[in-house]
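[1] one predicted model, sequence on top.
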Amino acid sequence: MKKPCVLIIDDERHTREGLQRALSPKYEILLAGHGERGLELLRTHSVDVVLTDLRMPGMDGMTFIRRATALPMPPLIVMLTAYGTLQTAVEAMKVGAYDYLMKPVDLDNLEMVIERGLESRRLRNENETLRKELDRRYGVHNIVGNSPVMAEVLETVQQVARARTTVLLSGESGVGKELIAQAIHRISPRSSKPFVAVHCASLNPNLLESELFGHEKGAFTGAHERRIGRFERADGGTLFLDEIGEIDASIQVKLLRVLETHTFERVGGNVSIEVDVRLVTATNRDLKELVDAGHFREDLYYRLNVVHIRVPPLREHKEDIPLLLDHYLRVFVEENGKPLNGFTREALKVLTAYSWPGNVRELRNTVERMVVMARGTSLTLNDVPAELRQAVADSIEAGEENANGESFDPAPAPTLDITENERALIVRALRECNGNKSEAARKLGISRRTLHRRIHQYGLESFQPE
């Protein structure tokens with residue numbers, strides 16, 4: 001395992017060499033006699049930690065820290081000086097130093113500071129990696145689809161994400177309402193705070209009230225200790241309430257009060273708790289009909305329905321089916337370690353002809369099942385679930401039309417090879433944008449960074465549009 005690299009900057013040679021002897025068993029050591037040389041080494045080497053003197057000829061330690069922390073991959077910096085004051089320490093930390101030690105340096109303390117700093121840096125990098133992974137999974141560009149109806153949904157998501165207003169998502173079961181809610185949160189200013197989801201229909205009214213607002217010890221039979229509710233857990237972030245049309249009238253009242261005052265009391269409590277929560281709700285029912293029937297409060301309905309996003313069923317954007325198949329094939333190939341090339345013509349023909357009454361959720365589960373059960377290198381017609389093949393056959397026999405209003409075409413569809421199709425799309429976008437990568441990325445609905453990775457992956461660095 002490669003040792004961490006420590007750069008020691010000090011104008012006194014014996015100090016540099018003494019620290020080098022002490023630290024070299026655990027760390028790779030670089031030496032510099034002044035700040036300018038230190039910056040040169042930072043630009044040409046992968047440095048994890050810098051130990052820098054404060055007073056040096058030319059560039060002093062403070063100036064070095066300011067310039068080093070402005071680099072694209074700044075190292076961890078520890079200031080060492082024999083002329084330290086509390087004010088100097090505070091200033092060093094303000095400009096970017098991790099810690100501050102007095103000379104002569106206690107070597108045990110120095111090693112502890114370095115190890116603690118490296119661990120902190122490792123955790124920060126892991127968190128950044130996790131954040132990027134969450135962005136990849138739940139960011140807007142992970143909502144697959146380039147049809148006009150999905151483009152309209154994504155445009156609305158982008159518009160409302162930075163606002164605080166409530167959002168009501170409507171649509172059939174399985175269309176991806178929670179994914180839309182997650183995307184709103186991930187690109188909002190609240191993205192660093194919790195995203196908390198509650199599926200209201202799965203809990204009876206008493207349990208749901210406790211789940212949302214928490215309860216005090218002894219509030220009811222079985223309440224042996226205080227419980228923190230979902231509103232408190234989501235403080236500063238986003239609370240997603242799925243199946244909002246199923247909540248009891250008493251909870252509707254409490255929910256309305258939270259929206260109006262941003263406060264509530266736990267069940268069995270009398271202390272008012274203030275929270276800052278952005279509420280996103282979802283339903284597969286017509287809330288206006290529930291209002292008219294007297295089953296849902298009209299004032300709460302208007303509070304929730306400030307911005308309404310209707311998530312369309314898959315039958316209304318069947319042109320996105322190949323993209324969704326491709327996307328979920330990639331996901332489950334990676335998760336299961338299956339070396340699959342794609343779908344055969346016959347399999348793709350059936351999958352695109354199917355009506356998908358369970359929407360994207362059904363499609364996702366079907367692809368997962370096919371990947372897990374696949375025995376060959378491609379997903380064939382035999383890998384398509386029998387009930388799905390039968391449903392397509394029945395619709396053809398009944399003379400039904402497909403979702404595009406056309407009779408089912410028995411001609412084979414092209415093979416959906418996940419690598420070749422993506423490469424071809426990138427080439428086409430680059431050609432149509434005359435090689436402009438920013439425009440091509442926007443056209444493809446991906447980030448410029450992702451496009452650069454794909455260009456490298458498919459060996460298109462030297463591609464020139466004709």
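    Yep, that arrived.
[2] from here on, contacts and neighbour counts on C-alpha atoms
    OK.
[3] what's the mean pLDDT across the helix or strand containing residue 120?
    Using DSSP states H and E, residue 120 sits within helix 107-138. If you average the pLDDT over helix 107-138, you get 75.
[4] and residue 329, how many neighbours?
    Neighbour count of residue 329, defined by other Cα atoms under 10 Å: 23.
[5] isn't it up against residue 370?
    No - using Cα atoms under 8 Å, residue 329 makes no contact with residue 370, being 9.1 Å away.
[6] and the next helix or strand past the helix holding residue 120?
    Per DSSP H and E, the first helix or strand lying C-terminal to helix 107-138 is helix 148-160.
[7] strand partners of the helix or strand just after that following helix, parallel vs antiparallel please.
    Going down the chain from helix 148-160, the next helix or strand is strand 167-170, by DSSP H and E. Strand pairing for strand 167-170, determined by DSSP bridges: strand 278-283 (parallel), strand 307-310 (parallel).
[8] the longest one: which residues count as buried?
    It stands for strand 278-283. 278, 279, 280, 281, 282, 283 (16 or more other Cα atoms under 10 Å).
[9] low-scoring stretches of the stretch 301-450 of the chain, by residue?
    Scanning the stretch 301-450 of the chain for pLDDT under 70 picks out 399-421.
[10] for it, which segments count as strands?
    Secondary structure of the stretch 301-450 of the chain (DSSP state E, counting those that start in this stretch): strands located at 307-310, 342-343, 416-417.
[11] out of those strands, which comes closest to residue 300?
    The stretch from the strands of the stretch 301-450 of the chain with the least distance to residue 300 (Cα to Cα) is strand 307-310; that distance is 13.5 Å.
[12] hmm, who's touching the closest one?
    For strand 307-310, contacts defined as Cα atoms under 8 Å, 6 or more residues apart in numbering pick out 153, 156, 160, 165, 166, 167, 168, 169, 170, 171.
[13] before we move on, the earlier item: let's have the buried residues of strand 278-283 in CSV, adding distance to residue 217 and pLDDT.
    Compiled in CSV, those are given as follows (distance: Cα to Cα, whole Å; pLDDT from 0 to 100):
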residue, distance to residue 217, pLDDT
278, 28, 96
279, 27, 97
280, 29, 97
281, 29, 97
282, 31, 97
283, 33, 96
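[14] picking that back up, can you add distance to residue 43 and give the strands paired with strand 167-170 back as a markdown table?
    Listed next are the strands paired with strand 167-170 as a markdown table, based on distance: least, Cα to Cα, whole Å:
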| stretch | distance to residue 43 |
| --- | --- |
| strand 278-283 | 43 |
| strand 307-310 | 49 |
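[15] residue 427: which of those is closest?
    Residue 427 sits nearest to strand 307-310 of all the strands paired with strand 167-170, at 33.5 Å, using Cα to Cα.
[16] can I get the CA coordinates of that closest one in PDB?
    Extracted C-alpha coordinates of strand 307-310, given in PDB (Å, rounded to 0.1, in the frame of the first residue of the first chain):
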ATOM      1  CA  VAL A 307     -47.000  23.500  -7.500                       C
ATOM      2  CA  HIS A 308     -48.600  20.500  -9.200                       C
ATOM      3  CA  ILE A 309     -46.500  18.000 -11.200                       C
ATOM      4  CA  ARG A 310     -48.300  15.300 -13.000                       C
END
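[17] for it, buried residues please.
    307, 309, 310.
[18] check which helix or strand residue 239 maps to.
    Element membership of residue 239, judged by DSSP H and E, is strand 238-242.
[19] pLDDT (mean, whole number) over that strand?
    The pLDDT scores in strand 238-242 average 97.
[20] chain center to the next helix or strand after that strand: distance?
    Moving toward the C-terminus from strand 238-242, the next helix or strand (DSSP H and E) is helix 249-261. In terms of Cα atoms, centre = their mean, to the nearest Å, the centre of helix 249-261 is found 30 Å from the chain centre.
[21] what pLDDT, on average, does helix 249-261 get?
    In the prediction, helix 249-261 has an average pLDDT of 94.
[22] report the angle between it and strand 278-283.
    Counting by axes from the mean of the first three to the mean of the last three Cα atoms, to 10 degrees, helix 249-261 lies at 150 degrees to strand 278-283.
[23] helices or strands next to whichever helix or strand comes after helix 249-261 in the packing?
    Going down the chain from helix 249-261, the next helix or strand is strand 263-264, by DSSP H and E. Applying 3 or more Cα pairs under 8 Å, 6 or more residues apart in numbering; DSSP states H and E, one finds that strand 263-264 makes contact with helix 249-261, strand 273-274.
[24] and the shortest one, what other elements does it pack with?
    Contact partners of strand 273-274 among helices and strands, from 3+ Cα pairs under 8 Å, 6+ apart: strand 263-264.
[25] return the residues in contact with residue 65.
    Residue 65 is in contact with 77, 92, 95, 96, 97, counting by Cα under 8 Å, 6+ apart.
[26] number of residues surrounding the closest residue to the second one other than its chain neighbours?
    Ranked by Cα to Cα, 6 or more residues apart in numbering and with sequence neighbours excluded, the top spatial neighbour of residue 92 is residue 62, at 6.5 Å. Other residues within reach of residue 62 by the criterion other Cα under 10 Å amount to 22.
[27] repeat that for residue 306.
    12.
[28] tell me which element the closest residue to residue 26 other than its chain neighbours is part of?
    Take residue 26 and drop its neighbours on the chain: the residue closest to it by Cα to Cα, 6+ apart is residue 3, 6.7 Å away. Per DSSP H and E, residue 3 falls between elements, in no helix or strand.
[29] for residue 8, same thing?
    According to DSSP H and E, residue 8 maps onto strand 5-9.
[30] helices or strands up against that strand?
    helix 13-23, strand 28-32, helix 35-44, strand 49-53.
[31] give me the phi and psi angles of the residue nearest to residue 26.
    The phi/psi pair for residue 3 (degrees, to the nearest 10) reads phi -80, psi 150.
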